[in-house]
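> Below is the sequence, then the predicted model.
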Amino acid sequence: ITRIAAVQATAAETRAVEAGGERFDLAVAESSQVVQKGVYEGGRELWECAIDLVEWLAAHRRPSGTVLELGCGRGLPGLWCLKRGAQQVVFSDYDADVLERYTRVDAARVGGRCYFYGGDWRGLPAALRGFGTFDLILSAETAYREDTTRSLVECIAKTLSVKGEAVVATKRYYFGCGGGVAALEAEVGRVDRLCCEVVWSAEDGRSNVRDIVRVFWKEG
């Protein structure tokens with residue numbers, strides 16, 4: 001886990017993105033790269049479900065305390081939380097290079113207390129012991145394969161507070177990959193007392209259905 005203290009917002013070229021009632025000047029990334037399992041997991045892209053998640057948060061939540069974003073990539077939901085009052089945000093992504101070159105720079109431009117973790121989620125719970133558990137965990141476009149979905153849910157189960165919630169924005173189907181809402185629901189069902197519900201959907205009949213799923217602990 002690293003702090004942002006020494007990072008300066010020095011990216012020469014930015015592009016404006018508006019979401020959730022806020023404007024973000026994001027560092028322009030290099031050209032797109034094909035997602036390769038274990039090599040590059042798509043962190044440079046600003047995926048549409050990240051924008052869905054920000055819009056949903058703006059309508060339904062007021063962030064405070066410490067927020068964890070899993071598979072953050074460009075980190076738009078976490079950046080939005082910083083702008084809206086979160087005390088600190090932990091950005092986590094498999095692609096450590098993306099965190100270093102883009103997410104950290106964008107977070108420095110927004111301001112606030114940030115921490116960064118690059119690498120496999122299996123090591124994240126141990127690295128986060130000093131933070132305790134989280135009342136709000138965010139994730140977008142991370143349930144795209146069965147293995148990433150399993151790792152996501154395992155990480156949520158180890159870091160989510162008793163009264164907290166994880167909000168996952170995902171496509172309903174990731175064709176040929178095995179991920180999506182059904183895979184997420186199945187993995188949640190394997191963890192004792194962990195529950196989930198679809199709280200928002202976008203379905204226009206022309207493109208893949210997109211959902212937002214809330215994950216939480218059953219009371220009692």
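Arrived safely.

> Excluding sequence neighbours, find me the nearest residue to the residue nearest the centre of the chain.
Nearest to the mean C-alpha position of the chain, counting by C-alpha atoms, centre = their mean, stands residue 139 at 2.8 Å. Leaving out its chain neighbours, the residue that sits closest to residue 139 by C-beta to C-beta, 6 or more residues apart in numbering is residue 70, at 4.3 Å. (C-beta placed from N, C-alpha, C; glycine too.)

> what number of residues lie near the one you found?
26 (other C-beta atoms under 10 Å).

> Show the pLDDT at it.
Looking at residue 70, its pLDDT stands at 98.

> Quick check: bridge partners of it?
Legend: beta-bridge partners of residue 70 under DSSP bridges are residue 92, residue 139.

> I figured it hits residue 141, correct?
No: counting by C-beta atoms under 8 Å, residue 70 stays clear of residue 141, with 10.9 Å between them.

> So in this protein, which strand runs the longest?
strand 160-171 (DSSP state E).

> What is that strand packed up against?
Strand 160-171 sits against helix 48-60, strand 134-140, strand 179-180, helix 181-189, strand 210-217, with contacts defined as 3 or more C-beta pairs under 8 Å, 6 or more residues apart in numbering; DSSP states H and E.

> can you give me the offset of it from its chain's centre?
Distance of strand 160-171 from the chain centroid (C-alpha atoms, centre = their mean, to the nearest Å) equals 10 Å.

> tell me how far the helix or strand following it is from the chain's mean position?
Remark: after strand 160-171, the chain's next helix or strand is strand 173-174, criterion DSSP states H and E. Put simply, strand 173-174 sits 18 Å off its chain's centre (C-alpha atoms, centre = their mean).
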